[in-house]
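In: Provided below for reference: sequence and predicted model.
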Amino acid sequence: MASAARESAQAHVERVMETGRRRNPHAPEFHQAVKEVLESLVPVLERHPEFIEVGILERIVEPERQIIFRVPWVDDRGVVQVNRGFRVQFNSAIGPYKGGLRFHPSVYLGIIKFLGFEQIFKNSLTGLPIGGAKGGSDFDPKGKSDGEVMRFCQSFMTELYRHIGADIDVPAGDIGVGAREIGFLYGQYKRITGLYTGVLTGKGLSYGGSLVRTEATGYGLVYFMEEMLREAGQSIAGKTVIVSGSGNVAIYATEKIHELGGKVVAMSDSNGYVYEPDGIKLATVKQIKEVERKRIKEYVNHHPTAKYSESCRGIWGIKCDIALPCATQNEIDEEAARLLVKNGCFAVGEGANMPSTPEAIKVFQEHGILFGPAKAANAGGVATSALEMTQNSMRYSWTFEEVDAKLKQIMVNIYRNVSKTAKEYGMPGNTVAGANIAGFLKVANAMMAQGIV
Ligand code: NDP
């Protein structure tokens, strides 16, 4: 009986994935994300055949709405530029759509769909009432003047504003979208609609932003890691850590690691990495990346003891105890994973979205590496965004300590929920399955209750 049920759940998952591949050609990242989630749901479908009967999987892999639009703007030379804008409103079963905007030349519909799909389960794991969405553009803010970025953001919002709202869809930042971009987007939304509402998160503190939002994803990642290590009888103090990237997530993960007595010895950007055996001086990285918007290789001009190497991949060859990939998707492949394990790395926490390939995750699991999957470990950013929405609704601001304490509790709860769910489904220690199942169950139950919509 059990094996007949397994076969039918397995066959159902295969069929849904096949339909997805047919419907969405040329979207490998989306299929990768769907496969990882759906395959871990087989035991859930065995226990809950009613999910199959009402087509939960068929519906959950199909976005409620996908918006693609033209973004024309004029550069500093007076030349007209045209980019493509996206917003994929994936699932609103448990709350208004919520998810970041990514501005990067690699953005196309498949990337936004992979991120939006992941966002459904991540948002569910936070325990807060937020649905899943993602958006962005193939615009590259790198090397653009503030004026060009502003004109682009204004044009982007001139279309996006009609699809979003404080109780409808609340975008935030992601790669290439930080405080500057959110400010320009917010200004244009307010100008068009005349509304002063919490329609975006990651806002500046003087106009409705929340304390700790800037730090939240990086801090949250380290809180998650701390709890995972605590359960394994370990701690961050005294550990050597590698952090890839040098953007928002990477910088604040590094800050929290240092605060807890760990030592980050390497950081990177898309051109290369710096290695500083005595520990990265974070103030220098902040100055280079947040203020001057320059490349990480500038670091060695300030600290000649550090070494810069071209190619960001080399960072995984550095000996460490803990690795925190905080740059982009698929940055750790099987070879990089094997190198990390060989060099003694025993814990990996995903700050970026889907930074490890399926083959890399398999290597980590085979070697018993403590693993924090992205949708659980990096959920601190969106959780704090939801806290920003709460404060906006209340017309009130919590202190740094209040928000930080809530963030920490949310990350501890996420880890415990993931760990408990993995045990309940007979896979103790399998945080990938635990996160997928725990995130899915809440959304699936809400979809069951709301009928076929
Ligand atoms: P930022 O734009 O602030 O920083 C991104 C960093 O990653 C930069 O150092 C960038 O280098 C590097 N990077 C980007 N693309 C690539 C690439 N293709 N190859 C190598 N390096 C690359 O973004 P965030 O820190 O906000 O986001 C980083 C990751 O974390 C993303 O996966 C994002 O989806 C995820 N995330 C972010 C959240 C947030 O709150 N910001 C929340 C949850 C997840 P360079 O400057 O050279 O491009």
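Out: Now that the structure is in, tell me what you want to look at. Numbering: from 1, shown residues only.
In: Please name the residues that touch the residue nearest the centre of the chain.
Out: Residue closest to the mean C-alpha point of the chain, counted by Cα atoms, centre = their mean, is Asn353 at 4.3 Å. Residues counted as contacts of Asn353 (Cβ atoms under 8 Å, 6 or more residues apart in numbering) are 114-115, 118, 329, 374, 378. C-beta: built from backbone N, CA, C; applies to glycine.
In: Can you give me the pLDDT of the closest residue to the ligand within the chain?
Out: Taking Cβ to the nearest ligand atom, the ligand has its nearest neighbour within the chain at Gly247, 1.7 Å off. Per-residue pLDDT puts Gly247 at 97.
In: That one and Gly178, how far apart?
Out: Relative to Gly178, Gly247 is positioned 8 Å away (Cβ to Cβ, to the nearest Å).
In: of these two, who's got more company?
Out: Gly247 (23 against 19; other Cβ atoms under 10 Å).
In: Name all residues that make contact with the more buried one.
Out: Applying Cβ under 8 Å, 6+ apart to Gly247 gives the contacts 175, 178, 269, 289, 326-327.
In: Do you have the strands of this structure handy? List them.
Out: With DSSP state E applied, the chain shows strands at 65-74, 80-91, 97-103, 131-137, 169-172, 240-244, 263-268, 272-275, 307-310, 322-325, 347-349, 370-372, listed in chain order.
In: thought Pro428 was touching Lys420?
Out: No: under the criterion of Cβ atoms under 8 Å, Pro428 makes no contact with Lys420, lying 9.8 Å away.
In: Pull the CA coordinates from stretch 252-266 and hand them back as PDB.
Out: What follows is stretch 252-266, C-alpha atoms only, in PDB (Å, rounded to 0.1, in the frame of the first residue of the first chain):
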ATOM      1  CA  TYR A 252      26.100  42.300   7.200                       C
ATOM      2  CA  ALA A 253      26.700  38.600   7.400                       C
ATOM      3  CA  THR A 254      30.400  39.500   7.900                       C
ATOM      4  CA  GLU A 255      29.500  42.100  10.500                       C
ATOM      5  CA  LYS A 256      27.600  39.600  12.600                       C
ATOM      6  CA  ILE A 257      30.200  36.900  12.300                       C
ATOM      7  CA  HIS A 258      32.800  39.300  13.600                       C
ATOM      8  CA  GLU A 259      30.500  40.400  16.400                       C
ATOM      9  CA  LEU A 260      30.100  36.800  17.500                       C
ATOM     10  CA  GLY A 261      33.900  36.100  17.500                       C
ATOM     11  CA  GLY A 262      34.300  34.400  14.100                       C
ATOM     12  CA  LYS A 263      36.800  35.600  11.500                       C
ATOM     13  CA  VAL A 264      35.900  36.200   7.900                       C
ATOM     14  CA  VAL A 265      39.000  35.800   5.800                       C
ATOM     15  CA  ALA A 266      37.700  36.300   2.200                       C
END
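In: any chance of the strands of the chain in a markdown table, plus mean neighbour count and distance to the ligand?
Out: Formatted as a markdown table, the strands of the chain follow (neighbours: other Cβ atoms under 10 Å; distance: least, Cβ to the nearest ligand atom, whole Å):
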| stretch | mean neighbour count | distance to the ligand |
| --- | --- | --- |
| strand 65-74 | 15 | 19 |
| strand 80-91 | 20 | 14 |
| strand 97-103 | 27 | 6 |
| strand 131-137 | 29 | 9 |
| strand 169-172 | 25 | 7 |
| strand 240-244 | 26 | 7 |
| strand 263-268 | 24 | 7 |
| strand 272-275 | 22 | 9 |
| strand 307-310 | 15 | 12 |
| strand 322-325 | 29 | 9 |
| strand 347-349 | 26 | 12 |
| strand 370-372 | 23 | 12 |
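In: Tabulate the ones you listed in CSV, adding columns for mean pLDDT and distance to Met411.
Out: Conversion of these to CSV gives the following (pLDDT from 0 to 100; distance: least, Cβ to Cβ, whole Å):
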stretch, mean pLDDT, distance to Met411
strand 65-74, 98, 30
strand 80-91, 98, 23
strand 97-103, 98, 17
strand 131-137, 98, 19
strand 169-172, 98, 18
strand 240-244, 98, 17
strand 263-268, 98, 19
strand 272-275, 98, 27
strand 307-310, 98, 33
strand 322-325, 98, 14
strand 347-349, 98, 11
strand 370-372, 98, 10
